[in-house]
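J.: Coordinates for the following, if possible.
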Amino acid sequence: MISLSDSQKIGMGLTGFGVFFLFFGMMLFFDKALLAIGNILFVSGLSFVIGLERTFRFFFQRHKAKATSFFLGGIFVVLTGWPIIGVILEIYGFFLLFRGFFPVAVGFIRRIPVLGSLLSLPGIRALADKIGESNTMV
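T.: Numbering: from 1, shown residues only. So this is what the prediction gives:
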């Protein structure tokens, strides 16, 4: 079992609540307030989990400048009152930021009994293979 510090436990909770509020805000027809709360909780939770310095280094690497600008720009657009456009920008930035993590996630999901069999279905298998092999999702 992985041992977490108290700040990492708080960060996991904040990140989880952030994802919940983002999902719930989208389910309620892009409610501005819920999306704004979800964005703030997600980013602050990420800072608690990996640390403030590592969060800053992750987002502000030179080769991730485009992804960071889309992700943080989407958060800003949601906060200013354009939730649908902001969420689209955030999703694009999120995929650009975390595209190196997707092959690891697909490999992990393939080893889970029920989800692994779902990834073996014909249409989903081709997509999962493309994501699992490629490090660039363009």
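
J.: distance between stretch 34-43 and the chain's centre?
T.: The chain centre lies 12 Å from the centre of stretch 34-43; the measure is C-alpha atoms, centre = their mean, to the nearest Å.

J.: Run through who's touching stretch 84-103.
T.: For stretch 84-103, contacts defined as C-beta atoms under 8 Å, 6 or more residues apart in numbering pick out 26, 30, 35, 39, 58-59, 64, 66-80, 131-137. Every residue, glycine included, has its C-beta placed from N, CA and C.

J.: so what does the helix or strand hosting R54 touch, helix or strand wise?
T.: Assessed by DSSP states H and E, R54 sits inside helix 52-59. For helix 52-59, the elements it packs on are helix 32-50, helix 65-80, judged by 3 or more C-beta pairs under 8 Å, 6 or more residues apart in numbering; DSSP states H and E.

J.: Check which residues of that helix are buried.
T.: By neighbour count with 16 or more other C-beta atoms under 10 Å, helix 52-59 contains the buried residues 55, 59.

J.: can you give me the mean pLDDT across the longest helix seen in the chain?
T.: Taking DSSP state H as the criterion, the chain has its longest helix at helix 6-27. Averaging pLDDT along helix 6-27 yields 95.

J.: Repeat that for stretch 64-80.
T.: Stretch 64-80 comes out with an average pLDDT of 95.

J.: Off-centre distance for the longest helix of the chain?
T.: Between the centre of helix 6-27 and the centre of its chain there are 11 Å (C-alpha atoms, centre = their mean).

J.: Can I get that helix in PDB, CA atoms only?
T.: Written as PDB, here are the backbone C-alpha positions of helix 6-27 (Å, rounded to 0.1, in the frame of the first residue of the first chain):
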ATOM      1  CA  ASP A   6      -1.600  14.400   5.200                       C
ATOM      2  CA  SER A   7      -1.200  17.100   2.600                       C
ATOM      3  CA  GLN A   8      -1.400  14.400  -0.200                       C
ATOM      4  CA  LYS A   9      -4.600  13.000   1.400                       C
ATOM      5  CA  ILE A  10      -6.100  16.500   1.400                       C
ATOM      6  CA  GLY A  11      -5.000  16.900  -2.200                       C
ATOM      7  CA  MET A  12      -6.600  13.600  -3.200                       C
ATOM      8  CA  GLY A  13      -9.800  14.800  -1.600                       C
ATOM      9  CA  LEU A  14      -9.700  18.200  -3.300                       C
ATOM     10  CA  THR A  15      -8.900  16.600  -6.700                       C
ATOM     11  CA  GLY A  16     -11.700  14.100  -6.300                       C
ATOM     12  CA  PHE A  17     -14.200  16.900  -5.400                       C
ATOM     13  CA  GLY A  18     -12.900  18.900  -8.300                       C
ATOM     14  CA  VAL A  19     -13.500  16.100 -10.800                       C
ATOM     15  CA  PHE A  20     -17.000  15.600  -9.200                       C
ATOM     16  CA  PHE A  21     -17.900  19.300  -9.500                       C
ATOM     17  CA  LEU A  22     -16.600  19.400 -13.100                       C
ATOM     18  CA  PHE A  23     -18.700  16.300 -14.100                       C
ATOM     19  CA  PHE A  24     -21.700  17.600 -12.200                       C
ATOM     20  CA  GLY A  25     -21.400  21.000 -13.800                       C
ATOM     21  CA  MET A  26     -21.300  19.500 -17.200                       C
ATOM     22  CA  MET A  27     -24.300  17.300 -16.400                       C
END
